[in-house]
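[1] no FASTA, just this:
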């Protein structure tokens, strides 16, 4: 289980998280939605210790992430796959080398076992036979799938997806959505998905939380959030702008 309890985080004068509290239970896919720049990615970076809260707690399997010694933090990270927004592949490495990076850091697998795990992960994302190719040879959607393969190669308990469909066309986005569902159903992983794409959120989520003004505005099942009468949530999921006093289009405030 992942728990973020009353998490506060500021960068200089900008307060990003202001009492963020969220529980993610095992086996679910929690989708976090919200306007751009509201701190969605900041929130999940606390889960892997890339950021530490100014106050509050982040617990993964009852371990307080911020207080873990370095070795235990690395062990925890081995149980958490992280899919970056733009895949974050190394252009000078082959696809196979990119997928194998986390496995080699563990230093407990033979090269043969690593190669088998890499091929297995690539097959799970429907990319067999690309291990010898390089990122520049693949489309944006294929690179995103490689990012997922790299995450699942470690056989993690949890996967964190940061804007997995950003920059993709609708058909390719749908492919990524189906892969995320497949990871939950075939591998049994617990996932957190950061997105502003409501079509994707409705497809992959078991519950949806909205981050607004530094805290969770609501957390509901897909069906419940589709029926919400909360005006802020309603405006976001319907994609409806409002007009301020000067006549400019704005997001809800």
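    Right, received. Where do you want to start? Computed from a predicted structure; not experimentally measured.
[2] quick one: what helix or strand has residue 234 in it?
    Per DSSP states H and E: residue 234 is located in helix 231-238.
[3] so for that helix, what's the average pLDDT?
    In this model, helix 231-238 has an average pLDDT of 92.
[4] and what of stretch 174-194?
    90.
[5] List the contacts of that stretch.
    2, 24-32, 40-41, 44, 47, 81, 124-126, 141, 144-145, 148, 152, 155-165, 168, 200-201, 203-205 (Cβ atoms under 8 Å, 6 or more residues apart in numbering). Just so you know, the C-beta spots here come from the backbone N, C-alpha and C atoms, and that holds for glycine as well.
[6] Also stretch 110-129?
    95-96, 99-100, 103-104, 109, 130-131, 142, 145-146, 148-150, 152-153, 179, 182-183, 186-187.
[7] how does it look with 6 Å?
    96, 99-100, 103, 145, 148-149, 152-153, 179 (Cβ atoms under 6 Å, 6 or more residues apart in numbering).
[8] Any buried residues in it, and which?
    Going by neighbour count (16 or more other Cβ atoms under 10 Å), the buried part of stretch 110-129 is 114, 117-119, 121-122, 124-125, 127.
[9] returning to that earlier point: helices or strands up against the helix holding residue 234?
    Applying 3 or more Cβ pairs under 6 Å, 6 or more residues apart in numbering; DSSP states H and E, one finds that helix 231-238 makes contact with no other helix or strand.
[10] Run the chain-centre distance for that helix.
    22 Å (Cα atoms, centre = their mean, to the nearest Å).
[11] what do you get for stretch 142-158?
    For stretch 142-158 - counting by Cα atoms, centre = their mean - the centre lies 11 Å from the chain centre.
[12] tell me which residues in it are buried?
    Result for stretch 142-158 [16+ other Cβ under 10 Å]: buried residues 142-154, 156-158.
[13] For these, which two are the farthest from each other?
    Greatest spatial distance in the buried residues of stretch 142-158: 142 and 157, 26.1 Å, computed using Cβ to Cβ.
[14] Strands of this structure, start to end?
    2-11, 14-24, 29-33, 55-60, 63-64, 80-83, 158-162, 190-194, 207-212, 215-221, 242-243, 249-250 (DSSP state E).
[15] Out of the ones you listed, flag the one nearest residue 227.
    Among the strands of the chain, strand 215-221 sits nearest to residue 227 (Cβ to Cβ), with 8.7 Å.
[16] Give me the contact list for that closest one.
    Contacts for strand 215-221 (Cβ under 6 Å, 6+ apart): 18-20, 22, 207, 209-210, 230, 233.
[17] Next, the angle from it to helix 231-238.
    60 degrees (axes from the mean of the first three to the mean of the last three Cα atoms, to 10 degrees).
[18] Now do the closest residue to residue 153 other than its chain neighbours against residue 183, distance only.
    Counting by Cβ to Cβ, 6 or more residues apart in numbering, residue 153 lies nearest to residue 121, which is 4.1 Å off, once chain neighbours are set aside. Here residue 121 is placed at a distance of 11 Å from residue 183 (Cβ to Cβ, to the nearest Å).
[19] what does residue 19 give?
    31 Å.
[20] So for these two, which sits in the more crowded spot?
    residue 183 (24 against 14; other Cβ atoms under 10 Å).
[21] gap between the more buried one and residue 160?
    For residue 183 relative to residue 160 (Cβ to Cβ), the value is 12 Å.
[22] And residue 91, by the same measure?
    23 Å.
[23] okay, these two: which has more neighbours?
    In this view residue 91 and residue 160 are compared by other Cβ under 10 Å, and residue 160 has more residues nearby, 23 against 8.
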